[in-house]
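Trainee: Make a model of this:
(4 chains, ligands or ions: 4)
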Amino acid sequence: MTAVAVRDDARPTRRSPIVTALRRRETPVAAALVVLVLVTYAANPLFLSAQGVKDLLLNATIMVILAVGQAMVIFTRNVDLSVGSILGLVAFLTGTLFAQVDGIPIPVVFLAGLALGALLGAINGLLVTVAGVPALVITLGTLYVYRGINNAWAGGTQYFAGDRPDAFGALAVDTLLGFPLITLLALVVVIAVGIYLSGTRSGRDLYAIGSDPDAARVFGIPVSRRVMTAFIVNGLLAGLAGVLYAARFNSVGATTGTGMELDVVAAAVVGGVAIFGGSGSVAGAAIGAVLLTTITSALTALRVDKFWQQAVVGILILAAILVDRIAAVRTARKLRLSEARDV
Amino acid sequence: MSTASAPTLQPLLSLRGAAKTFGPVVALADGTVELLPGEIHALVGENGAGKSTLVKILAGLHHPDAGEFLVDGTPVSFRTVADSKAAGISVIYQEPTLFPDLTVAENIFIGRQPRGRLGLINRSAMRRAAERLFDRLGVSIDPDRPAEGLSIADQQLIEIAKAISIDARVLIMDEPTAALSGTEVDRLFGVARALRDNGAGILFISHRFDEIFALTDRITVMRDGRYIRTHDTADATVPQIVREMVGRDIDQLYPKEEAQIGEVVLDVSGLSRTGVFHGIDLQVRAGEIVGLAGLVGAGRTEVARAVFGIDPYDAGSVSVNGARLRGGDPQAAIDAGIGFVPEDRRRQGLVMDLSVGRNLTLTLRHALSRGGLIDRRAERRAVEEWSTRLQVKTGSPEFAVSTLSGGNQQKVVLAKWLATAPRLLIVDEPTRGIDVGTKAEVHRLISDLAGRGIGILMISSELPEVLGMADRVVVMREGRITAQIARADATPERVMHAATADTLEMAE
Amino acid sequence: MSESAPTTAVIAAGVLETEPHGRTGLTRLLLGRPAIMIYALLVTVVVAMVSIPRFASPVTTGFLLLDVIPVLLIAMPMTLVILTGEIDLSVASTAGLTSAVIGVLWQAGLDISLVLLIGLVVGTVAGAVNGALVAFAGLPSLAVTIGTLALFRGLALVVIGDNAVADFPSELTAFFTSKLGATGIPTVMIGVVLVVAFFAVLLHLTPFGRALPAIGFSKEAARFVGIKVAQAKFWLFVGTGSVSALAGIYWTLRYSSARSDNASGLELAVIAAVLLGGVSIFGGRGTIPGVVAGVLLIGVVNYALRLGRVSEVVLIIVTGSLLIASVIAPSIGQYLSTLRHDRRVRRQLPRAAGTGHVRAS
Amino acid sequence: AAGASGGGDGGSGADGEQTITFIPKQLNNPYTDVVLGGGEEGATAAGFADSQVVGPLDASASSQVSFINAETQAGTNVIVIAANDPDAVCPALEEARSGGAKIVAFDSDTNPDCRDLFISQVVAKDVALIQVELIAEQIGGSGEIAILSATANATNQNEWIKYIEEELESNPDYADITLVAKVYGDDDDTKSFQEAQGLLQAHPNLKGIISPTTVGIAATARYLSTSEYKGKVALTGLGLPNEMRPFVKDGTVSEFALWDPAQLGYVAAFAGKALADGDITGAEGDTFEAGDLGEREVGADGTVIVGPPTVFNTDNIDDYDF
Ligand SMILES: Nc1ncnc2c1ncn2[C@@H]1O[C@H](COP(=O)(O)OP(=O)(O)OP(=O)(O)O)[C@@H](O)[C@H]1O
Ligand SMILES: Nc1ncnc2c1ncn2[C@@H]1O[C@H](COP(=O)(O)OP(=O)(O)OP(=O)(O)O)[C@@H](O)[C@H]1O
Ligand SMILES: [Mg+2]
Ligand SMILES: [Mg+2]
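Mentor: Ligands and ions are numbered 1, 2, ... in the order given. Predicted structure coming up:
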């Protein structure tokens, strides 16, 4: 029987890289981000001062990490609404560890936070895969349950920046080549997850699962294991975001991270991640997160009436999905016409 | 006695007395089959005989409730599809299972993409490998396009490419040809024979006897979930196999009745959709069966969809009984008296998760309502009447239609349109994946409808069906009508010529 | 070679006689999901009456119903929307926008009935915006309504800013908390019951309603029987918009306070209740009686725990767990019945299978 | 409000059986916890048989109404509430009153018509003035300032802001100070943090920020201390000493103010007891004994003032633990 031998020689790539880049789903979002930053800069040069850039990057960092994890789950045609609650729990754990355990090394706290995040993600994943029930419902449930646990655990206790070692807080202050350390960390995360998803077999499986879960099962893709992986990685990243939250912000307590879930999903969607799975990229999700966090700063810097800000964010989300849709429709039409010519 | 010609060979796989039940339904009571290396083995049986269930057991997708399963003489128990793959079994399922968002190339190689540096996927190598596969199958599909929006035929071809790209010792094909046209089927057979000559075993399921007798070495017959008998193809005859499948003799396959041909019901003129079809002029009269023939991809389905209002068109007009029909509005088409049995039963013909009853009455939503509210009693009566008239086999009309076998599902589709008392029925591949017994029934039904003055536009890729049933054959090629041939003049040669020739001159 | 050996009685006629057949008719009615939700509701009420002092009183009915009305109202059109496989997350923002608009208009001195009418129109238009984007532009509703969730709440802020308008006519606000005699049932429940009845009839008894599960299961197949999928979805979103406006009006007058942040966060409560009521998030499955029971179940649990002074913390954990349990329970049931089935089959089948005629030869 | 009669039967218990329930704006908030700590202590000292704390996890008026309803039905004698919306809780409180309960508002007032007493931290105007004074001193009497508040609807915040604006307008000492922006952090750490950041970017010449809310001032301090604005932009307002200690020590904040929150709850409990016992009716001029804090007098509009605000700085901050 003839297996198809795979050789590395032969025909050149057909499409030029520039055309391919322009066609990518994340291109319009990236363009919107650039335009937004430039317009704001023109109106208020302070926007791109050293401090301004640092603030922009820092604001985006946590959302980027969350959006990347969320995108991974969404690719598999699932969703995780409990990320805000996971972030809250991990942030509070971080605060507790520093406050209760004298001289605890910072890496240990990071590991503990990642572990808790992964555990909570794994619970979501288990409920979704073993019980075979829709993720939206399950994670809406764990959104409440995790938040409740956080409330029960924290009560009125809050830990403040002063309770944590300076070196920890410095992570969110110090920069390397103008980039805050935690932003660089987020960048590493985006790249690593991006390579995993686009360049490895198991990563591609996630897209296949999201594209058609039944076909994936029939095809023999280990669906449960892959979906589980996506949820665990997402939990892990939410945990990372939780630890970084504690480094960046002042207080962590019962309500930390409340209401973040929809923003995270919005960021992924704005970045061209199809909500029903199967397509999109983590780079897109990351850009979406940067765009959404930047728009708030930009509107403030432009002194847009604060009452208008939320409305503008809403319009932006709608515009992003509309643009995405128009691009998709045009590609489909082009495909139809070009094939007609081939016939 | 008819049996294996090479009894000394160790069978690649043998399944004995396998049983599989779904709740109260016994899908398979005694699944028995044996596949030798270097043979092409046909599995035949009526709709619902349990063929696909047996295939799914072999694939590791279902776990049998009982029975013995040997691979190379050793008992095995597959827990997942991965197990069967590891054992060298490759399966083409009855229904294509592609990932719409992935590219065609990735669909073929998912899970075993060629890897390059750092162990990462090498996309250009993957594309080239896909191109080579397509060359071998003689088809041209862009490996970089997403699988979304491919025609059923293309999907099936990709499934085939996928299956043969694996170095499988056992290839199982569940009705791979149902969606394919003659040339593609020929190429597929060429590939299958080459595989067999290399020592692979192929299990081939089809309802088309010409294919079975042309291709296979042995035939196993199933009925009602049980093994009946295995023949050497050379010694078998069609009537004998059919009798074993059905348990009785069946009547004529194409029971064409002469019908009174009346006024023009459907008048399509100059219909065009850029890039899909051009200048379609077509008429169907009351009581007339018009066969729409052509190769797969000729654009027949597209024309039907446009006529029914599923897709828009750019130019031309559609009239029913002289009244111009608004485009892009299926409800208007239904109101005008058109019924449409689409080609993709699972996705277009039926709402698979809805009950048999609800599917049957979907077309009657308005007819069954009184004062804006559904008349439940009338609804129940309609369900009972139509499932009895078409002899739909189901435990209860409240069961999901997905639990029915393919043939019974097709009957539900037909029933829901017949219940609307249409004046024109468009049937797209009405007997695809339907066993001989049911096929004859469907043909009788269609013929009967024409006899009662309903105009029929029948799209079919099976030439005998077209020639046997149609009063007039319209042939399409590359989006244009290339011939209209009266029943008396219709020969396979003329139709095939019109479907493939380079000139349009032969149009009458 | 002979024909197949005679079949054993067990699997004659392709059907296992000993195996329970699928539920049909009355059994389905009594053991289906909506029925189970109603039993769960009744049991909860009885347990609360026994274990929580003062729960068994008409006062409970009044306060409880007043609390659940906004969720109950919005859950009705939401059920239909989710049934078609879509979702509307912007409902609470629509209610907030309505509230803001009526606050500002009332303060501007317009007649109250005109104010309320305009409020209703605003909600309807908001729903139509969602509907147009989802149905006609073909955008995914989850994404669209996350956008309009921000947009409508933002517009509420634009309209009313940080003001709160409180001086609504006192007869009107009193009406909204008034009770029907000694029953404890709020007077406004009459209107709510009408809305519930409207949606129940629409879904379960009209041709339009029949089309909705078909759309939810398969848009494409629905189109092939002439169902106007886009139109149906559009009108459903208009429905959620206008009912959300009703909820916004109720909210404003019950609390006699029009503010931009009214009803915020209500969307998740509504969706939780609808899903608890047995509506499949993937579309196709769900009933109005089930959803009503789901809404009331959450309402009763909340109220009973509050009355028992159980901490709010426990309350959200209970809500979350209920939601998880409600979707997992059927899976567990399914698993158990599969186990039972396998045992039965294994006991019976070996006799049937593997008996002779292995190969023709 | 006739329907509430069913809940009234517990309303007139004998002395030892009286019950009190505190409904704060939001549970699990550190400031609130201090207030409630004082309240529970006061309730015991005043002789209530039972004291409870119930309340929402989100600071919304509608959830407070549900709690008021449940308390009405439970027949609680005294409800002490910090209203999230002065009007929205009114109908429910009226219903509770007609069932026999006494209503004491504290921290954030309700509409005066639907409570018996309001226990105010301090004279609203005093709070406003002290903040203006502090900021004026810290920025050297001239320049742009901004306010970072809690939610846009918070009753107490808005009252203080109103007085701050009036004072800036009318007092010639502050003629060179311009208030350029008011922003709202919704008493959410993250939001307040980002609002602070936005303020500095939008107003490059900003010299100082007033944040009259504990969450807001802490978040703003955190931002300033991690940015280049540390020490350049002044910050004051109302904060908790425990939360602000590091920022005072590292020089981000020089002085801020607050009253003792525990006293607020403590006085509210005694006021409730006096009302329930019928010793006072909440009329102007009524007096009652507030345990260790001595006698208090009801002022205009049924308002009781607890005490003057304290100003915290490096010198005294270590003396406080709340
Ligand atoms: N998942 C299932 N649940 C319930 N019944 C099923 C299921 N799968 C198959 N069946 C039933 O088992 C029987 C055998 O079905 P199967 O698909 O194997 O038939 P088939 O021989 O492949 O028919 P066809 O030629 O129509 O494809 C049918 O009666 C079918 O209704
Ligand atoms: N050779 C081809 N290769 C790939 N795609 C093709 C080819 N020819 C046509 N198509 C595409 O297939 C579609 C037409 O297929 P369609 O299903 O309408 O044909 P058909 O004549 O109805 O065939 P059938 O009903 O037998 O599948 C068009 O979208 C066209 O772009
Ligand atoms: Mg089959
Ligand atoms: Mg076709």
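Trainee: What confidence value was assigned to the residue most central in space within chain A?
Mentor: Centroid-nearest residue in chain A, with Cα atoms, centre = their mean: A:Ala67, separated by 1.2 Å. With respect to pLDDT, A:Ala67 scores 96.
Trainee: And D:Asp9, by the same measure?
Mentor: For D:Asp9, the pLDDT comes out at 40.
Trainee: So B:Gly38 sits against B:Gly201, correct?
Mentor: Yes: applying Cβ atoms under 8 Å, one finds B:Gly38 in contact with B:Gly201, separated by 7.0 Å. Yep, even glycine has a C-beta here, placed from its N, CA and C like the rest.
Trainee: thinking again about what came up before, correct me if wrong: the residue nearest to the centre of chain A contacts A:Ala283.
Mentor: No: with contact defined as Cβ under 8 Å, A:Ala67 does not count as touching A:Ala283 (10.6 Å).
Trainee: what is in contact with the two at once?
Mentor: Both A:Ala67 and A:Ala283 are in contact with A:Gly271, where contact means Cβ atoms under 8 Å, 6 or more residues apart in numbering or on different chains.
Trainee: tell me the secondary structure for C:Pro330?
Mentor: helix (DSSP: H, G, I helix; E, B strand; the rest coil).
Trainee: oh, I was asking about D:Ile79
Mentor: When classified by three-state DSSP, D:Ile79 comes out as strand.
Trainee: if I pick it, what's in contact with it?
Mentor: Applying Cβ under 8 Å, 6+ apart, the residues near D:Ile79 are D:Ile20, D:Thr21, D:Ile23, D:Ile68, D:Glu71, D:Leu93, D:Ala96, D:Ala101, D:Lys102, D:Ile103, D:Val104.
Trainee: rerun that using 10 Å as the cut-off
Mentor: Residues near D:Ile79 by Cβ atoms under 10 Å, 6 or more residues apart in numbering or on different chains: D:19-23, D:52, D:54, D:67-68, D:71-72, D:89, D:92-93, D:96-97, D:101-105, D:115-116, D:272.
Trainee: Identify the bridge partners of it.
Mentor: D:Thr21, D:Ile103 (DSSP bridges).
Trainee: What's the separation between it and D:Val180?
Mentor: Noted for D:Ile79: a distance of 41 Å to D:Val180, by Cβ to Cβ, to the nearest Å.
Trainee: on that earlier part again, in strands, which of the contacts of D:Ile79 appear?
Mentor: Counted as lying in strands by DSSP state E, out of those, are D:Thr19, D:Ile20, D:Thr21, D:Phe22, D:Ile23, D:Gln52, D:Lys102, D:Ile103, D:Val104, D:Ala105.
Trainee: and those, which are buried?
Mentor: D:Thr19, D:Ile20, D:Thr21, D:Phe22, D:Ile23, D:Gln52, D:Lys102, D:Ile103, D:Val104, D:Ala105 (16 or more other Cβ atoms under 10 Å in any protein chain shown).
Trainee: will you turn those into CSV that also has pLDDT?
Mentor: Compiled in CSV, those are given as follows (pLDDT from 0 to 100):
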residue, pLDDT
D:Thr19, 91
D:Ile20, 93
D:Thr21, 93
D:Phe22, 94
D:Ile23, 93
D:Gln52, 88
D:Lys102, 92
D:Ile103, 93
D:Val104, 93
D:Ala105, 92
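Trainee: could the residues you listed go into JSON lines alongside distance to B:Asp471?
Mentor: Below are those laid out as JSON lines (distance: Cβ to Cβ, whole Å):
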{"residue": "D:Thr19", "distance to B:Asp471": "91"}
{"residue": "D:Ile20", "distance to B:Asp471": "93"}
{"residue": "D:Thr21", "distance to B:Asp471": "87"}
{"residue": "D:Phe22", "distance to B:Asp471": "88"}
{"residue": "D:Ile23", "distance to B:Asp471": "83"}
{"residue": "D:Gln52", "distance to B:Asp471": "87"}
{"residue": "D:Lys102", "distance to B:Asp471": "93"}
{"residue": "D:Ile103", "distance to B:Asp471": "89"}
{"residue": "D:Val104", "distance to B:Asp471": "93"}
{"residue": "D:Ala105", "distance to B:Asp471": "89"}
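Trainee: Assumed B:Arg16 was part of a helix.
Mentor: No: under three-state DSSP, B:Arg16 sits outside any helix and is assigned strand.
Trainee: That one is in contact with B:Ile57, isn't it?
Mentor: No: between B:Arg16 and B:Ile57 there is no contact under Cβ atoms under 10 Å: 11.6 Å.
Trainee: Please identify which of the two sits among more neighbours.
Mentor: B:Ile57 (26 against 19; other Cβ atoms under 10 Å in any protein chain shown).
Trainee: Tell me, how many residues neighbour residue 82?
Mentor: Because you didn't say which chain, this covers chain A. If we define neighbours as other Cβ under 10 Å, then A:Ser82 has 31 of them.
Trainee: try again with chain D
Mentor: 28.
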